[in-house]
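> pasted the sequence and its predicted model underneath.
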Amino acid sequence: MVRLFIFTFFACQFIFAQDQLSNFNTGEKLEYKVHYGIIDAGKAYLEIKKSNTEQYRFKAFGKSTGLFNLFFKVRDRYESIVDKESLQPIHFYRDVREGNYKKKETVFFNYDLSQAETTRDTIALPEVTQDILSSFYYFRSQQFDSLKIGDKIPLQIYLDDEFMETEIFFLGRDTIKTKFGHIPCKKWAPNLEMGRVFDDKQGMTIWVSDDINSVPLRVETKVLVGSIKMDLIKYKNLSSPLKGAKP
C-alpha cells in the first residue's frame, strides 16, 4: 500500500537541477485514507524525524483496515535516512507484507565507492541518487513554476537492486474540494509499471498543493480490477499554512 503510494506517486529523482526549497520540517506528519472502489481499504502515514543534526529520518507506514483487512492484509514499513543539505539517501530499509507477498530489504549508499550495497547485491550508483522514500521528499523540495502543460520530467528510482527510469507529466493547475476546504493544486500523471497492478500506463492522476508545502492531497488510479483513491485526511507541522485551507 505504501509502495503503491510512493512508487507510483513521487518515488523519483530528477535528472536535471531545480531550485531546492525548505518546504518541510522535522515533526511533519501526513495521514491518508485509501479507498478501493467504495470500500475503505486502509491508511498510509508519513513522518519526518531528526536522525541527528545533519540528517533527516523519513518514515512511512501503510496498513489495510476494515473488511479489506480480512481478505488482503497489508503491513508496509519504509525508512530512509538522508543528508539534510542534499537530501541524498544514506540508508534505506523496507519491510513489505501484502497478502502472501513478503519482502525485507536494506540498502547502504556508498558514495565514496559509487555503489549501492543491498541485502542481495552490490550495484553501481548513479551520480544523483534517491531511494523510493527519499525521492518523495526530494520531489517536494523542487520548484516547478516554469513548467507548462504537457511538459514531462524524466525520473529514476532505486527498487529491487536496480535503478528504474520513467517519466512524469505536468497536467496543469486545478482546485479540488477536500476536508480542509477548496485547495489550489498542481496536477501530475506518471507513467506506470504495466502488467502487474495498473490498467493504464497513464491511469493515475495526482493533485499536489500549489504552495510551498507541495503536499500530496489526492491520488486516483485505475488498477487491473477497479480503482484506488487516496485522500489526505490529517496533517501536522507543515512548514507553512496550507493554501486555501479553512481556518
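Yep, it's here. Predicted model, so just to flag it, every value in this text is computed and none were measured.

> show me where pLDDT drops low in this protein?
1-22, 155, 192-203, 223-225 (pLDDT under 70).

> for it, which strand is longest?
When the chain is parsed with DSSP state E, its longest strand is strand 162-178.

> what ranges does this protein have for its strands?
29-36, 39-52, 55-64, 74-83, 89-98, 101-110, 115-118, 122-124, 152-159, 162-178, 181-190, 204-209, 216-222, 227-236.

> follow-up on the earlier one: and the longest strand of the chain, what's buried?
For strand 162-178, burial by neighbour count (16 or more other C-beta atoms under 10 Å) applies to 163, 166, 168-171, 176, 178. For glycine as for every other residue, the C-beta is placed from the backbone atoms N, C-alpha and C.

> swap in stretch 145-158?
For stretch 145-158, the buried set under the neighbour-count rule, 16+ other C-beta under 10 Å, comprises 153, 155-158.

> coming back round to it: could I get the strands of the chain as a markdown table with distance to residue 131?
Written out in a markdown table, the entries for those read as follows (distance: least, C-beta to C-beta, whole Å):
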| stretch | distance to residue 131 |
| --- | --- |
| strand 29-36 | 18 |
| strand 39-52 | 14 |
| strand 55-64 | 9 |
| strand 74-83 | 5 |
| strand 89-98 | 4 |
| strand 101-110 | 7 |
| strand 115-118 | 9 |
| strand 122-124 | 13 |
| strand 152-159 | 5 |
| strand 162-178 | 10 |
| strand 181-190 | 17 |
| strand 204-209 | 19 |
| strand 216-222 | 18 |
| strand 227-236 | 21 |
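
> for residue 247, find the nearest of those strands.
With C-beta to C-beta, the closest approach to residue 247 among the strands of the chain belongs to strand 181-190: 9.1 Å.

> angle of that closest one against strand 227-236?
130 degrees (axes from the mean of the first three to the mean of the last three C-alpha atoms, to 10 degrees).

> neighbouring strands for strand 181-190, and are they parallel or not?
When pairing is defined by DSSP bridges, strand 181-190 lines up against strand 162-178 (antiparallel), strand 204-209 (antiparallel).

> now distance to residue 94 too, for the ones you listed, in TSV please.
Rendered in TSV, the data for the strands paired with strand 181-190 read as follows (distance: least, C-beta to C-beta, whole Å):
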stretch	distance to residue 94
strand 162-178	15
strand 204-209	21
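
> rewinding a little: and the contacts of the longest strand of the chain?
The set of residues external to strand 162-178 that reach it, using C-beta atoms under 8 Å, 6 or more residues apart in numbering, is 12, 123, 126, 144, 147-158, 182-192, 202, 205, 207, 210, 217-218, 231-232, 244.

> what about 7 Å?
The contact list for strand 162-178, computed with C-beta atoms under 7 Å, 6 or more residues apart in numbering, reads 12, 123, 126, 147, 149-157, 182-191, 207, 210, 217-218, 231-232.

> the strands of the chain: which one's closest to residue 23?
Across the strands of the chain (criterion: C-beta to C-beta), the nearest stretch is strand 204-209, sitting at 10.1 Å.

> quick one, that closest one and strand 216-222 angle?
170 degrees.

> what residues of strand 204-209 count as buried?
For strand 204-209, by 16+ other C-beta under 10 Å, it's 204-209.

> neighbouring contacts of that strand?
Identification of contacts with strand 204-209 by C-beta under 7 Å, 6+ apart yields 8-9, 174, 176, 183, 185-190, 192, 214-221, 242-243.

> give me the neighbour count for residue 59.
Using other C-beta atoms under 10 Å as the criterion, residue 59 is surrounded by 16 other residues.

> an error on my part: the question was meant for residue 240.
12.

> quick check: closest non-adjacent residue to it.
The spatial neighbour of residue 240 that comes closest, neighbours along the chain excluded (C-beta to C-beta, 6 or more residues apart in numbering), is residue 212 at 5.1 Å.
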